[in-house]
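Engineer: could you look at this predicted model? Sequence included:
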Amino acid sequence: MSAYRLTHVDDATLLHDLSTLAARDRATTAELLAEVDDRRLYVAAACSSMFAYCIRELRLSEDATYKRTQAARAARRYPRLFADLAAGRLHLTAVCLLAPHLTAENVDELVAAASGLRKAELEAWLAARFGAGAASVLRERVTVVAAPTATASTQATRETNAELALAQVASPIDAPVAPAPEPVEPAPAEVAPAPVRYVVQVPINEATHAKLRRAQALLAHAVPSGELAAVLDRALDALLERLEKCKGAAPVRAMRRVGADRPPPRARTIPARVRRAVWERDGGRCTFTGPGPGRRRCDTRRRLEFDHVIPFARGGTATVDGLRLRCRVHNQFEAERAFGSEFMRRKRAGSRASKPLLPGDFGGGPECSG
């Protein structure tokens with residue numbers, strides 16, 4: 001008999017086991033995630049965040065990861081939420097919606113009011129209690145949805161979404177229709193797969209909205225229709241070119257005055273050619289690898305820093321072989337392994353209380369901010 005067939009289990013036992021499993025999943029998963037998050041155990045597994053660990057190592061979806069990590073962090077602040085999840089008084093979405101509004105003074109009141117409510121009911125209650133924008137926490141994340149190849153209906157939908165409340169632009173539908181060409185018998189050929197398209201929805205403020213309209217106007221010669229997808233594509237090309245040039249070649253700026261007992265900032269500067277070579281060699285990605293035979297590599301490309309293989313404080317040099325790319329999380333992790341977590345904790349506390357350290361003091365420089 002298949003291990004996945006439960007026909008031999010009687011009805012009462014099946015329902016009891018399902019209820020027990022659901023309660024255990026709601027609470028225990030959140031509690032375990034909270035503990036792993038607190039201990040930052042994801043760092044040694046070559047993940048730059050708890051979110052990345054859940055997706056890559058636990059094989060959770062983005063939505064499931066978001067809800068569980070948010071619920072875990074909220075329950076860490078207010079432990080009673082673990083019991084509320086286990087008892088079924090709250091579901092994960094409810095905890096995520098409540099989290100931004102919870103305080104030590106109102107947690108009991110809000111949990112009591114939210115107990116047993118479905119998502120739509122809770123959103124309505126939060127809007128009445130805290131204002132119209134209070135229930136939009138989950139919606140304000142960017143959603144990217146794969147869509148099939150454009151048809152007449154999906155094309156109209158995409159054009160509507162592309163406006164994003166911008167001024168109405170000329171639509172290809174309004175353009176004169178060219179005469180239909182004579183039908184031609186197609187030659188037998190392998191049909192190429194249709195390109196995948198995505199619908200991206202994200203709320204923007206008035207300033208960003210104004211920038212989009214300015215970009216449409218400035219690109220009117222190249223994108224006469226003002227199609228937002230084309231405008232964003234060109235904007236991203238320009239941004240990526242600038243960022244890649246900056247991250248791969250811009251010299252590190254000194255961030256603190258140098259005293260008489262410190263080397264001059266020039267000694268810590270990483271030459272542009274070295275930064276460029278390191279960036280290209282490492283593929284613009286963190287090079288930290290986890291333990292075990294697989295030696296999985298951190299896959300993040302965000303918040304990258306140039307890290308000295310031998311810490312600068314111990315004689316490390318700004319050469320191609322002496323540098324590597326690390327994300328900020330793994331750069332700090334390497335510093336803690338080299339100097340001790342308590343020492344680095346004191347250093348970070350001291351740098352926050354005074355002026356920031358020079359880049360590369362303990363193994364790496366900051367990411368390019370320009």
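Structural biologist: Thanks, I have it.

Engineer: got the buried residues for stretch 310-325?
Structural biologist: Across stretch 310-325, burial judged by 16 or more other C-beta atoms under 10 Å covers 311-312, 316, 318, 322-325. Every C-beta, even on glycine, is put in place using the N, C-alpha and C of the backbone.

Engineer: again, but for stretch 58-73
Structural biologist: Buried-residue list, stretch 58-73, by 16+ other C-beta under 10 Å: 60, 65-73.

Engineer: repeat for stretch 285-302
Structural biologist: Within stretch 285-302, the residues that count as buried by 16+ other C-beta under 10 Å are 285-288, 290, 298, 300.

Engineer: for residue 105, grab the count of nearby residues.
Structural biologist: By other C-beta atoms under 10 Å, the residues close to residue 105 number 7.

Engineer: strands - which of the buried residues of stretch 310-325 land there?
Structural biologist: Of the buried residues of stretch 310-325, the ones assigned to strands by DSSP state E are 323-325.

Engineer: switch those residues over to a markdown table; also include pLDDT.
Structural biologist: Output for those, formatted as a markdown table (pLDDT from 0 to 100):
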| residue | pLDDT |
| --- | --- |
| 323 | 94 |
| 324 | 94 |
| 325 | 94 |
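
Engineer: so which helix or strand takes in the residue lying closest to residue 320 once chain neighbours are set aside?
Structural biologist: In space, and not counting its chain neighbours, residue 320 is closest to residue 277: 4.8 Å by C-beta to C-beta, 6 or more residues apart in numbering. Assigned by DSSP states H and E, residue 277 belongs to helix 272-282.

Engineer: in that helix, what counts as buried?
Structural biologist: Buried positions in helix 272-282, judged by neighbour count with 16+ other C-beta under 10 Å: 274-279, 282.

Engineer: after that helix comes which helix or strand?
Structural biologist: Per DSSP H and E, helix 272-282 leads on to strand 304-308 as the next helix or strand towards the C-terminus.

Engineer: other SSEs contacting that following strand?
Structural biologist: strand 323-327, helix 328-339 (3 or more C-beta pairs under 8 Å, 6 or more residues apart in numbering; DSSP states H and E).

Engineer: between those, which one is closest to residue 14.
Structural biologist: helix 328-339 (43.6 Å; C-beta to C-beta).

Engineer: where does pLDDT dip in this structure?
Structural biologist: Within the chain, the stretches with pLDDT under 70 are 1-4, 26, 132-194, 247-267, 351-370.

Engineer: what about the longest helix in it?
Structural biologist: Longest helix in the chain, counting residues (DSSP state H): helix 11-39.

Engineer: all the helices of this protein, residue numbers only.
Structural biologist: 11-39, 50-56, 62-77, 80-87, 92-98, 107-114, 119-130, 152-163, 206-218, 228-249, 272-282, 328-339, 341-353.

Engineer: in the protein, which residue is closest to the centre?
Structural biologist: Most central in the chain under C-alpha atoms, centre = their mean is residue 51, positioned 7.8 Å from the mean C-alpha point.

Engineer: find the nearest non-adjacent residue to it, please.
Structural biologist: Leaving aside its sequence neighbours, residue 51 sits nearest to residue 65 (C-beta to C-beta, 6+ apart; 5.6 Å).

Engineer: thought that neighbour was touching residue 54?
Structural biologist: Yes: taking C-beta atoms under 8 Å as the definition, residue 65 is a contact partner of residue 54 at 4.0 Å.

Engineer: separation between residue 61 and residue 7?
Structural biologist: According to C-beta to C-beta, to the nearest Å, residue 61 stands 29 Å off from residue 7.

Engineer: ah, wrong one, I meant residue 222
Structural biologist: For residue 222, the distance to residue 7 equals 64 Å [C-beta to C-beta].
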